[in-house]
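J.: Turn this into a model:
(2 chains, ligands or ions: 2)
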Amino acid sequence: MSDWPLYEVFVRSKHGLNHKHVGSVHAADAQMAIENARDLYTRRNEGVSLWVVPSNAITASAPDEKEPLFDPSQDKVYRHPTFYKLPAEVDNM
Amino acid sequence: MYAQLVDTGTTGVKSLQEMSAEERAFQEKIDAEIKIEAKNWMPEAYRRTLIRQISQHAHSEIVGMLPEGNWVTRAPTFKRKLQLMAKIQDEAGHGLYLYSAMETLGADRDDEIERLHRGEVKYSSIFNYPTLNWADMGTIGWLVDGAAIVNQVALQRTSYGPYSRAMIRICKEESFHQRQGYEILLTMMREGTDEQKAMVQDSINRFWWPSLMMFGPHDSDSPHTGQSMAWKIKRHTNDELRQRFIDQTIPQLEFLGCTVPDPDLKWNEARGHYDFGEIQWEEFYQVLKGNGPCNRERLRTRKNALDEGAWVREAAMVYAKKQQQKQQQNAA
Ligand SMILES: [Fe+2]
Ligand SMILES: [Fe+2]
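T.: Ligands and ions are numbered 1, 2, ... in the order given. Below you'll find the predicted structure:
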């Protein structure tokens, strides 16, 4: 069915949680993608809400840019609570 | 297994010293149990082998619906019919999760399905056997899905992320398949007539050896196991998994009050495992080559389904385009 476009499927498993990527479906249009995703990914109450997104609309970060993208956060230890040493009396803060 | 005799296109396993820098980084990631994702660099042979393995696995799920589909209209009660349909629908789902994982590797679903129909790629040998009586629905759920579970539980830890995630989903659903199958047999054995009990035994007699063949040839005849295990797209050898399956199945068989057609089967106290007789490998290779009892019929059925659905897929696409045009006109 590659002549039907590919959609990525996201399921919200419970109220209050984020939508999470679960896989993909082929469908003629977005409405059919929702219906196919329902049949494929939520046969046992796995979800309360579905998103479908045309796969070619997704821009992903490139794996070889992993270092320039994510490394800068590594040397900012002062962003973590454990960086700040407090006396035992008030350390449960 | 669902993917038997997967060719890795390699001879022997390279040592870390023989690898290029990229290959070494890749292998070290795998050794550290870090999952490989679609956009990560991977050796071409890893990618090709995985496409082959996942597509075989997907085709098996899809073709695997046919032997059971044979009994939907003849299920003994409405309840059994609903259960069987739910089980078969799950198998369709398994096929689709796997095709979707395969597509992340850059393979095209249509192409792979066409290759199946041209007989260029395989699916599990087990689905080339006919389903002759109602007890076969029980035996398939219990033995065939049972064997699949042993294999798929191990594959949840496979190195390729999308494949591993598909396996985790599939394993969650398989337990229902096996239990509904066993319950069919148990009901027939406990409440059935002598004739119905004989059907159960007949069914086990026919499916026992083919179920053991699902795990593929002996380790000594599996030249690609070494590479597949180094890549962690296979986590245990064929013989290990087959033994595990036999060990867990025999107590269930005894509980049913049935036997298997193997005079050599007996508990080996020293090994802590069951011993069993030699598998007829000639039959296995014949079935894999296309000469099993139902190979031709299975492929013909799949091909017809695809051909006869062509106009529906085309019409849906034309309809979707029209709807889109209408929306654009209304917006303008
Ligand atoms: Fe399955
Ligand atoms: Fe199953």
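
J.: in stretch A:30-50, what's buried?
T.: When burial is assessed from 16 or more other CB atoms under 10 Å in any protein chain shown, stretch A:30-50 yields the following buried residues: A:30, A:32, A:33, A:34, A:36, A:37, A:40, A:41, A:42, A:47, A:50. Using the backbone N, CA and C atoms, a C-beta is placed for each residue, glycine as well.

J.: out of those residues, who's near chain B?
T.: The overlap between the buried residues of stretch A:30-50 and the neighbourhood of chain B (criterion: CB under 8 Å from any CB of the partner chain) consists of A:32, A:40.

J.: which one of the buried residues of stretch A:30-50 is nearest ligand 2?
T.: residue A:40 (15.3 Å; CB to the ion).

J.: Ligand 1 versus that closest one, what's the distance?
T.: Using CB to the ion, to the nearest Å, we find residue A:40 at a distance of 13 Å from ligand 1.

J.: and that residue, what does it touch?
T.: A:9, A:23, A:25, B:93, B:96, B:97 (CB atoms under 8 Å, 6 or more residues apart in numbering or on different chains).

J.: Tell me how many other residues crowd residue A:66.
T.: Counted by other CB atoms under 10 Å in any protein chain shown, the residues lying close to residue A:66 total 11.

J.: do you know how far the spatially closest residue to residue B:221 that is not a sequence neighbour is from ligand 2?
T.: Nearest in space to residue B:221, with sequence neighbours left out and distances taken as CB to CB, 6 or more residues apart in numbering or on different chains, is residue B:281 at 7.8 Å. According to CB to the ion, residue B:281 stands 25 Å off from ligand 2.

J.: Contacts for the lowest-mean-pLDDT helix or strand in chain A, please.
T.: Counting by mean pLDDT, DSSP states H and E, the weakest-scoring helix or strand in chain A turns out to be helix A:66-70, with a mean of 79. Under the contact criterion CB under 8 Å, 6+ apart, helix A:66-70 has outside partners residue A:61.

J.: Tabulate the CA atom coordinates of that helix in CSV.
T.: This file holds the C-alpha atoms of helix A:66-70, laid out as CSV (Å, rounded to 0.1, in the frame of the first residue of the first chain):
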residue,chain,number,x,y,z
LYS,A,66,24.0,14.9,18.4
GLU,A,67,27.1,16.5,20.0
PRO,A,68,26.6,20.1,18.9
LEU,A,69,22.9,19.9,19.7
PHE,A,70,22.9,18.2,23.1
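
J.: where's residue A:50, which helix or strand?
T.: When elements are defined using DSSP states H and E, residue A:50 is found to belong to strand A:49-54.

J.: Also residue B:305?
T.: Using DSSP H and E, the secondary-structure element containing residue B:305 is helix B:295-308.

J.: contacting residues around that helix?
T.: Among residues not part of helix B:295-308, those counted as contacts by CB under 8 Å, 6+ apart are B:62, B:63, B:66, B:113, B:116, B:117, B:119, B:127, B:128, B:287, B:290.

J.: Go through the helix or strand hosting residue B:111 and flag the buried ones.
T.: When secondary structure is defined using DSSP H and E, the element that contains residue B:111 is helix B:109-117. By neighbour count, with 16+ other CB under 10 Å as the criterion, the buried positions of helix B:109-117 are B:109, B:112, B:113, B:116, B:117.

J.: what pLDDT, on average, does that helix get?
T.: Predicted confidence along helix B:109-117 averages 94 (mean pLDDT).

J.: Tell me where the stretch 1-150 of chain B has strands.
T.: All residues of the stretch 1-150 of chain B lie outside strands when identified by DSSP state E, counting those that start in this stretch.

J.: Relative to ligand 1, which residue of it is the closest?
T.: Closest point on the stretch 1-150 of chain B to ligand 1, by CB to the ion, is residue B:94, at 3.8 Å.

J.: Now do the closest residue to that residue other than its chain neighbours against chain A, distance only.
T.: Counting by CB to CB, 6+ apart, residue B:94 lies nearest to residue B:61, which is 4.1 Å off, once chain neighbours are set aside. As defined by CB to the nearest CB, to the nearest Å, residue B:61 lies at a distance of 13 Å from chain A.

J.: give the contact list for residue B:61.
T.: Going by CB under 8 Å, 6+ apart, the list of residues near residue B:61 reads B:2, B:91, B:92, B:94, B:95, B:98.

J.: Of those, which is the most crowded?
T.: Of the contacts of residue B:61, residue B:98 is surrounded by the most neighbours, 29 neighbours in total, counting by other CB under 10 Å.
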